[in-house]
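**Q** dropping the sequence and predicted coords here.
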Amino acid sequence: MKFFGKILSVFLAVTALSFGFVSCSDDEDDTVELKVVATYYGFASGEIDGIPMIVKSTVKFYNTNEYLIDNDITAVAGANVFSFTGTFEVGTYTGDPTKDGTVKCTATKEYDFDQKKLVDIAAADRTTEDCVITNGKYTESDIFDDGTGITVEKK
């Protein structure tokens, strides 16, 4: 009977261990599905470094507490027309962009026109801006030479 008890104990131990290995798989996908929780659109014109520009801006806030700013910029310098369309800034945020209140945005990457790509902003150089949403709108301030900005509205 002792022999049968030992075999039963070993059998139960092996069964328990194999159950643990089967039920705790490391190949499960732990990624979070990226979803836009709020989108804001805006349009403005003014001068940047003395050059007249028209800027269309789309700001998307994601469920991962990240945001992205896409811009469509047209600049006219004399007879020359320059344009940029693409992601201008990426960063993280705290707060709720789906309703009125303050959302704190910290840029982590910005478009570098010399390198023609998004580049990391060094941690020491990052700043946090308060985006104060009122009636579904907020202003991205200090965009143009005169200190005005772009008011974006939630859609």
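**A** That came in fine, so what should we check first?

**Q** run me through the strand neighbours of the longest strand along the chain, direction for each.
**A** Assignment by DSSP state E gives strand 80-94 as the longest strand of the chain. Taking DSSP bridges as the criterion, strand 80-94 sits next to strand 66-77 (antiparallel), strand 101-112 (antiparallel) in its sheet.

**Q** mind listing what's buried in the last one?
**A** Residues 103, 105, 107-111 are the ones in strand 101-112 that count as buried (16 or more other Cβ atoms under 10 Å). C-betas here are computed from N, CA, C, even on glycine.

**Q** so for that strand, mean pLDDT?
**A** Strand 101-112 comes out with an average pLDDT of 97.

**Q** what does that strand contact?
**A** Here strand 101-112 makes contact (Cβ atoms under 8 Å, 6 or more residues apart in numbering) with 61, 67, 84, 86-97, 117-121, 126-133, 138.

**Q** now do the buried residues in the helix or strand harbouring residue 39.
**A** Here residue 39, judged by DSSP states H and E, is contained in strand 36-48. Within strand 36-48, the residues that qualify as buried are 38, 40, 42, 44, 46, counting by 16+ other Cβ under 10 Å.

**Q** over to stretch 121-138?
**A** Residues of stretch 121-138 classed as buried: 121, 129, 131, 133, 138 (neighbour count, 16+ other Cβ under 10 Å).
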